[in-house]
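[1] Okay, here's the prediction I keep looking at, along with the sequence it came from:
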Amino acid sequence: MFIQLLTSILFLLSLPIFFLIIIKTSKSKKSSTASSPSIIFPKSYPIIGSYFDIKSNRSNRVQWTTQILQSSLSATFTLHHLFGYRQIFTANPANVQHMLKTHFFNYQKGPFFISSLFDFLGNGIFNADGESWKFQRQVSSHEFNTKSLRKFVQTVVDTELHDRLIPMFYDAAYDKTVLDLQDILQRFAFDNVCKIAFGFDPACLMPSLPQAQFAEAFEAATYISGERFRALISLTWKIKRFFNVGSEKRLKIAVSRVRDFAKKVVREKKQELADKSSLESVDLLSRFLSSGHSDDNIAIDIVISFILAGRDTTSAALTWFFWLICKHPEVEKEILKEIKEKSNMPVFEEVKDMVYTHASLCECMRLHPPVPVDTKMAMGDDVLPDGTVVKKGTLVTYHPYAMGRMEKLWGSDWAEFKPERWLERDEAGKWSFVGRDPFTYPVFQAGPRICLGKEMAFLQMKRVVAGVLRRFKVVSAVEDGFQPELVVHLTSKMKVGFRIRVEKREEFD
């Protein structure tokens, strides 16, 4: 009731402004049409900024801002929000390097980002700045660089792959069942990341595809937290949170379930440590507790952050990857050739050497990055390398999705799915991988915040690709001409999933 009343008052107060806009637009319509048949850059007005353009493109903001950046000479533009707030978008590698490396400490998460995710992530590493972030980064970096953790991740992924995913695909091939690959891969990734982070198996990828309470609560918390960023006026979700109504009430319930479960696991791990003096488990939580970091809230925040990071990113990348493979059989053929060359190695132990597969995954994430945009806040006045003036408190968003679609960066064939752009042949005709700098390709961030789990993500993705394509052909079950629609929560997804059939391959038997 209060929200509706507030909305009505704001609307009435805004009517004079709206009338002025309508009159101004009407007067300039002819001249605008004559000079530019298609206005790409959003118009900005006093007080309301580009409210109408923002509102009309709310559901496709990533694609809309991409088109604007593609049309900008500097690959940077400023979007004006209500009441004078500005947000700078950039797809300029020099600006990205400036933000993420050379002036790292001037571009932080900031209060807007942190407050939006605090109820869910607390002070976890992906929602922290300053000394809190630095401490968690040092602890996490040490653990991620241990051979024992890499071996543990490999074991977890292989077990989930061979005990659950592959048997499910065999059953689907035999029964000619249609599967939602996006849902299957999300379940696969969630099982993996929970075992790696907590040492807990939610068993989401069982044949019955159960609805685990923890997984459902985590999904709800992720989705509603992401909705906060898409609110046209952030005050609306804060009011709903204050009165504990609507989506904010659902978020509170979901977060409570996630954190209650996490607290239970932490208590059990601590008890195990007290009883045994040392932990046999090598999951992240056990490692943090064993190294002396016993504060419950810190442990919970860190682990929940890593679950969020590992849950949707790899599954999103793999979903888009298999979609592209279905459309490009010539790429699938090259990957199969590479898999066959490695088939004598036990459990594809050397997937790190599968350069064509690696290039194909990189090319997929160029076009469909799991995190399509990332925003920082300027802690002080600054000027970006392209001359854009940044005032203290301004939100600055670098745009991996747009950067993968810039002709200046990738050439006139940027729209093509072309793994060869990441490869070169040596004198013997063997492929070798040629990477791009992380500021041109910031899919895994760059600078001090570069993704700690990058190598583990590639390990998991290549194991899935090799394990699945060696045994099955993935066939799209959607109608001809269907194009998946991108939706962005905290990560990118296909709006209605990706329906597939799997066919058993005979030539590898």
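    Now that the structure is in, tell me what you want to look at.
[2] and the helix or strand hosting Asp171, how far from the chain's centre?
    Secondary structure assigned from DSSP states H and E places Asp171 in helix 166-175. Distance of helix 166-175 from the chain centroid (Cα atoms, centre = their mean, to the nearest Å) equals 29 Å.
[3] Likewise for stretch 411-427?
    24 Å.
[4] returning to what we had before: which other helices and strands does the next helix or strand after the helix holding Asp171 contact?
    Downstream of helix 166-175, the next assigned helix or strand under DSSP H and E is strand 179-180. With contacts defined as 3 or more Cβ pairs under 8 Å, 6 or more residues apart in numbering; DSSP states H and E, the packing partners of strand 179-180 are strand 499-504. All C-beta atoms are positioned from the backbone trio N, CA, C, and that covers glycine.
[5] Name the surrounding residues that touch the strand it packs on.
    Residues from elsewhere that reach strand 499-504 (Cβ atoms under 8 Å, 6 or more residues apart in numbering): 169-170, 172-174, 176-181, 322, 326, 471-478.
[6] ok, Glu479 - how many residues close by?
    7 (other Cβ atoms under 10 Å).
[7] what do you get for the one 3 residues further on?
    Phe482: 13 surrounding residues under other Cβ under 10 Å.
[8] That one and Trp320, how far apart?
    Going from Phe482 to Trp320 by Cβ to Cβ, to the nearest Å gives 14 Å.
[9] Check His368 too.
    From His368 across to Trp320, the span is 4 Å (Cβ to Cβ).
[10] residues shared between the contacts of those two?
    Both His368 and Trp320 are in contact with Ser492, where contact means Cβ under 8 Å, 6+ apart.
[11] Would you mark the buried spots in the helix holding Asp171?
    Judged by neighbour count (16 or more other Cβ atoms under 10 Å), helix 166-175 contains these buried residues: 166, 168-169, 172-173.
[12] Tell me which other helices or strands it touches.
    Identification of packing neighbours for helix 166-175 by 3+ Cβ pairs under 8 Å, 6+ apart yields helix 454-469, strand 499-504.
[13] try 7 Å this time
    Using 3 or more Cβ pairs under 7 Å, 6 or more residues apart in numbering; DSSP states H and E, the elements in contact with helix 166-175 are strand 499-504.
[14] how many degrees apart are the strand it packs on and helix 166-175 in direction?
    90 degrees (axes from the mean of the first three to the mean of the last three Cα atoms, to 10 degrees).
[15] list the buried ones in strand 499-504?
    Across strand 499-504, burial judged by 16+ other Cβ under 10 Å covers 499-502.
[16] out of the buried residues of helix 166-175, who's nearest Tyr223?
    Closest approach between the buried residues of helix 166-175 and Tyr223, by Cβ to Cβ: Met168, at 25.1 Å.
[17] Verify the contact between that closest one and Ser208 for me.
    No. Taking contacts as Cβ atoms under 7 Å, Met168 lies outside contact range of Ser208: 10.6 Å.
[18] picking up where we left off before, now list the buried members of the contacts of strand 499-504.
    169, 172-173, 179-181, 322, 326, 471-474, 476-478.
[19] send the alpha carbons of the helix or strand Phe288 falls within over as CSV?
    Per DSSP H and E: Phe288 is located in helix 284-290. Taking Å, rounded to 0.1, in the frame of the first residue of the first chain, the C-alpha atoms of helix 284-290 are listed here in CSV:
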residue,chain,number,x,y,z
LEU,A,284,37.8,-25.2,1.1
LEU,A,285,35.9,-24.9,4.3
SER,A,286,38.1,-27.5,6.0
ARG,A,287,41.2,-25.8,4.7
PHE,A,288,40.1,-22.4,6.1
LEU,A,289,39.3,-23.8,9.5
SER,A,290,42.5,-25.9,9.7
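[20] List the buried residues of it.
    Applying 16+ other Cβ under 10 Å to helix 284-290 flags 284-289 as buried.
[21] now those as CSV including distance to Gly199 and pLDDT?
    Listed next are those as CSV, based on distance: Cβ to Cβ, whole Å; pLDDT from 0 to 100:
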residue, distance to Gly199, pLDDT
Leu284, 9, 87
Leu285, 7, 87
Ser286, 6, 86
Arg287, 10, 84
Phe288, 12, 83
Leu289, 11, 84
